[in-house]
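S.K.: With the input below, show me the fold.
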Amino acid sequence: MSDSEACADGAGGDRGSALTSSQAAKGGGFRQTASEDESDDNMEEIELLENGSKRRSPRKSPSKKKLGRFHVKIINEKEPGKRSVKRNGNSRKGTLSSPRRQESADDAMEHSLATHSFGHTVEALPSLDHYRNRFSLMATGKQRPTLHELHEPKTLVNQAADTPVDAGGLAEISAAPTTPASAGVKFGWIKGVLVRCLLNIWGVMLFLRMSWIVGQAGVGFSILIVLMATVVTVLTTLSMSAICTNGEVKGGGAYYMISRSLGPQFGGSIGLIFSIANAIAVAMYVVGFAEVVRDLLVDNGLKIVDPQNDVRIIGEATLILLLGITMIGMAWEARAQLFLLLLLVIAMVNMMVGTFIPAPDHERAQGFQNYKVELLRQNFGPDYRDNEGFFSIFSIFFPAATGILAGANISGDLKDAQMAIPKGTLIAIAMTSVSYAGLAVVLGACMSREATGDIADVIAGNFTSACEEVGADCEYGLLNNFSVASLISGFAPLVLAGVFAATLSSALASLVSAPKVFQALCKDKIFPKIEFFAVGTGAGDEPRRAYILAFFIAAACIAIGELNAIAPIISNFFLMSYALINFSCFSASLAKSPGWRPAFRYYNMWVALLAAVLCMGVMFLINWYAALITIFIVTALYMYVHNTKPEINWGSSNQAFIYKQALTNTLKLNQIPAHVKTFRPQIIALTGPPECRPALVHFVSHITKSTSLLICGAVLTGEQNTNLMELLTDSHEKWLDFQKIKAFPAMVASPTLRTGAQALMQIGGLGKIKPNTIIMGFLGKWKTEKPQYVHDYVGIIHDAFDLNLGVGVLRIKESFDVSSALNTPGFTDYVEEEKVPDIKVEITPSSITEEGQEGEEPVEPLAAEPPNTPAESKIPSVDSTALIKGQPIDVVIKSMQKFQGKMPKGNIDVWWLLDDGGLTLLIPHLISMKSNWEKCKLRVFATTGKKEQIDREKMNMANMLSKFRIDCSDVEIIPDLNKKPKEESLRRFKELSKPWMLDEEAGETTEKFPWKISKEEIITLKEKTNRQIRIRELLVQHSQEAELIVMSLPIPRKRTCSAYMYMCWLETLSKDMPPILLLRGNQTSVLTHYS
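M.R.: Alright, predicted model coming up:
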């Protein structure tokens, strides 16, 4: 579609939904919005509600609504004395509709007017709808006008677009108010985050293992362990809060935050392992619950099959019950969580109350002594047993603190995730940290480390000291009894209920988290074959398919058993997520992207980095081999996503960091003076659109590949406004990326080829990263082209030398240009078989060249494009890889694939005849180092003035190449370069130049025809001309079978060598030869033998 057609369509779309002023008046008049009982005041304050409606507020007490971080107060100006008229036309004259409904309709219409346009133009006022992703579920379809619509002159197509309101907006206002469709259950910060985090952090650790931790580490170090875990979780939460307040957070929790911050590589790997970890965690929590139930059955002399299978049966049954709760919906799951939290709190209160009840003798015998200061003093310090230490105890406790993402994992089900996640998570951490630290003090003040459990020892007063005797068997106390919570509680069964609540709530939270995260991962299509699980059901987009998948994973783990072996890996998966969340915050802050503007201010980039390091350290403290396994899995998944390169662009901090790093290094490079040892051939190649001359692009890329700059320059002849489509397209970047060529396309619109090339050479690049060499294709149609065009072509070489650039002219037997192509029957199948990319190029009739004369090469227009013709006259798009007119299929394919594959065994002949600084030698050396040319050996040809010095010159040249570290297979010295050419060669050159001689008899002068060859020029350049003819003879003699020839390019002296004389030289040197690159440096050294 052309620009004009696209504009027409776009304007038509606006026009189709636009409402003209006359239609607006017919609709009942927009300004008649005041109700009958309004006062004479013409100003009214309106409160903007969250659902988009408006409510009138009394003038004496203006109301403000807090939206995000701002208070919004909208003042609406009313015309006094206006009566409201019902717009549906059904009311009788003088009858008014309901005041509240009438006001709502009036306000909605005025709000639509205000938010759509500015006055009576197509300009739009700022609106959040304009900033939504067009593919977002909340997208309304409203878009601000394009620059084209605002800037281009009005036409019959888009003239009607300058109206303040669209018809669709009026239709919405006129229709009766409707209740918006349900978007599923949404939770606030308490139900959605606080409750879930509390239930996940208050786990079985609270009832079964905290007493053992206090017995080993003592009260003081137990509190320190709790504080260390709190530091890690708080710092991670601060980073998470910064990320989740830097824009709208959708479903996916940790995966969403990491992927949008660090990109799909880290996000995809974490999302997958995080989902699997949560699914396996379900099995671990359910097995914990089943083991407690099994122990109850054993204590009462009951069993189902046997102890091991009883755990499986109870676990599978429990898992089915949990799946049923989640399948019903999030509302029921939230109710179940509240009930379990209530049980948990009651169990904790029961423990605290029990500590104040005087302990009977049998409980005292087991170590429970109520509160004693002396006991607290004894238990304050550590007493490590069984090779335990501080960090081993810390590694056992820390998994209890890994529940801080429970609320973030259902971010898509939160009313306001930006507020709920920071608030709910931080409060949950504070509450749980205080409770764990408080419980450590309580246990240390109430319980002995060891006790015999014998009442006789209580009477004797040595129920604890007896444990110090050799061979004493003490089964009670903090160190030996995991049921201390039941012992000190007021009612032991309530502790059992608390254990049930802790295990089931954690299992339920994980069973919800895993599918939610996995669904978000599937929607992004980072990994193949998983889109099936992205489908949601119901108003809340519930991932029921993912629920079932998580159920089967957990069921399989329960059936297999042996979960203790993989428990450290699961904990490390969570810690890796925390580490990457912290690193995401650090990376985004370090990149200093303007888009990084979190509303949460209480974070620091260096603190976030410290938290990431702490998380990695804790991983190794918990289990070093599990940490290594986790890192290996994340790295493998990262490399997979990196190599598959999903078509995703989330604006990650990595992109911002790359930009910042590139900019910083470019500026830093500007301060470094140039040195010959760091010279790189930075090339601008006049390729035109790169897909039109693939052979030229591929050849030059062999010089610069992965080492230096390559710019593919194109001159679009004509004015800018006639070439806008080509200037703004990104198809050239895509083609280069498809071909895996590291290059930058650069296009410029210019009246002539020469002025365009001048612009490319003058402003191409950035700072020190700018071209120092220009390479272009040989102008094959110079004999039939307009003289001014040939003059400009040679003028480009003059301009390059003026700008101190090296110059290269490349010629091959086939034509470089495949843009003048025509589709022929049967070629499409051939192209598909050859796997040639389908790149479309808009061409015009003038860009299709005619066949050359008999015996001539196919002609090509170099880098220039003809002026664009109107869209109506354009030939339909054709494949740029299609046939060149009149050429066989095999010839075209050969031209397109030239220099793309491995070159056959042969030679690269370097004719280093003149010292240009070494560029003529350096570039073929770089080419020979590429894998495409690995079978080709370098041969160097040089010249000498005396035959008797051939051996000496050969030795000198070999020594020079050795010092330059240029590996070559042979060195040839040509002694007779200045020998007079053969008469036949002179005759052919004379015939070649004859049509371009200046006709002085017809009144032609060098001033009017500067491109023609004068007699004086023939005489002046006779020796130089003979040298080019002689070099031609030597090339035929020595290099006819070479795979590539690189030789010194003759320099045309200004006002001495005309354009056609120079083209005759180039034609003589290069016609019917293998691929030949005529190259000349800027006479500055690019080689050195110094270290």
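
S.K.: I'd like the distance between the most centrally placed residue in the chain and residue 260.
M.R.: The C-alpha lying nearest the average C-alpha coordinate of the chain belongs to residue 649 (C-alpha atoms, centre = their mean; 4.2 Å). Using C-beta to C-beta, to the nearest Å, we find residue 649 at a distance of 11 Å from residue 260. For the C-beta atoms, the positions are set from N, CA and C on the backbone; glycine is no exception.

S.K.: next one: residue 727
M.R.: 32 Å.

S.K.: Looking at the two, which one has more neighbours?
M.R.: residue 260 (22 against 13; other C-beta atoms under 10 Å).

S.K.: does that one count as helix, strand or coil?
M.R.: Secondary structure assignment for residue 260 (DSSP: H, G, I helix; E, B strand; the rest coil): helix.

S.K.: That one reaches residue 267, doesn't it?
M.R.: Yes: with contact defined as C-beta atoms under 8 Å, residue 260 reaches residue 267; the gap is 7.2 Å.

S.K.: wait, what's in contact with the closest residue to residue 697 other than its chain neighbours?
M.R.: Distance criterion C-beta to C-beta, 6 or more residues apart in numbering; nearest residue to residue 697, sequence neighbours excluded, is residue 690 at 4.7 Å. Contact analysis of residue 690 by C-beta atoms under 8 Å, 6 or more residues apart in numbering lists 697, 712, 714, 732, 735, 736, 741, 743, 745.

S.K.: The first one against residue 688, yeah?
M.R.: No: the criterion here is C-beta under 8 Å, and residue 697 misses it with residue 688 at 9.8 Å.

S.K.: who's more crowded, these two?
M.R.: residue 688 (29 against 26).

S.K.: Please read off the pLDDT at that one from the model.
M.R.: pLDDT, residue 688: 88.

S.K.: Quick check: it vs residue 717, distance?
M.R.: From residue 688 to residue 717 the distance is 11 Å (C-beta to C-beta).

S.K.: One more: residue 315?
M.R.: 77 Å.

S.K.: Same drill for these two, tell me which one is more crowded.
M.R.: Between residue 315 and residue 717, counted using other C-beta under 10 Å, residue 315 has the larger neighbour count: 27 against 21.

S.K.: Could you say which helix or strand holds the more buried one?
M.R.: Under the criterion of DSSP states H and E, residue 315 resides in helix 307-328.

S.K.: just checking, what packs against that helix?
M.R.: Judged by 3 or more C-beta pairs under 8 Å, 6 or more residues apart in numbering; DSSP states H and E, helix 307-328 is in contact with helix 264-299, helix 330-354, helix 492-523, helix 544-560.

S.K.: and of these, who's closest to residue 250?
M.R.: Closest to residue 250 of those is helix 492-523 (C-beta to C-beta; 7.3 Å).

S.K.: helices or strands next to that closest one in the packing?
M.R.: Short answer (3+ C-beta pairs under 8 Å, 6+ apart): helix 492-523 packs on helix 195-201, helix 253-262, helix 264-299, helix 307-328, helix 330-354, helix 484-488, helix 544-560.

S.K.: Between helix 330-354 and it, find me the angle.
M.R.: 150 degrees (axes from the mean of the first three to the mean of the last three C-alpha atoms, to 10 degrees).

S.K.: my guess is residue 800 contacts residue 774, does it?
M.R.: Yes: counting by C-beta under 8 Å, residue 800 touches residue 774, with 4.8 Å between them.

S.K.: what touches both of those two?
M.R.: With C-beta under 8 Å, 6+ apart, residue 800 and residue 774 have common neighbours 761, 806, 807.

S.K.: Compare the residues you listed and tell me which is most surrounded.
M.R.: In the shared contacts of residue 800 and residue 774, the most neighbours by other C-beta under 10 Å go to residue 806, 28 neighbours.

S.K.: Pull up the per-residue confidence for that residue.
M.R.: 94.

S.K.: Please name the residues that touch the closest residue to it other than its chain neighbours.
M.R.: In space, and not counting its chain neighbours, residue 806 is closest to residue 773: 3.9 Å by C-beta to C-beta, 6+ apart. Residues near residue 773 by C-beta under 8 Å, 6+ apart: 681, 682, 683, 684, 805, 806, 807, 808, 919, 1081.

S.K.: 10 Å instead?
M.R.: The contact partners of residue 773, by C-beta atoms under 10 Å, 6 or more residues apart in numbering, come to 680-685, 700, 703-704, 708-709, 800, 805-808, 919, 923, 1079-1082, 1086.

S.K.: Sketch out the low-pLDDT regions of the stretch 251-400 of the chain for me.
M.R.: Applying pLDDT under 70 to the stretch 251-400 of the chain picks out no residues at all.

S.K.: Number of residues surrounding residue 371?
M.R.: 12.

S.K.: still on that earlier bit, so which of the contacts of residue 773 are in helices?
M.R.: 700, 703, 704, 800, 919, 923 (DSSP state H).

S.K.: out of the residues you listed, which one sits closest to residue 1068?
M.R.: residue 800 (21.5 Å).

S.K.: circling back to that earlier point, columns distance to residue 615 on top of the helices and strands packed on helix 492-523, output as CSV?
M.R.: Below are these laid out as CSV (distance: least, C-beta to C-beta, whole Å):
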stretch, distance to residue 615
helix 195-201, 16
helix 253-262, 13
helix 264-299, 13
helix 307-328, 29
helix 330-354, 27
helix 484-488, 29
helix 544-560, 25
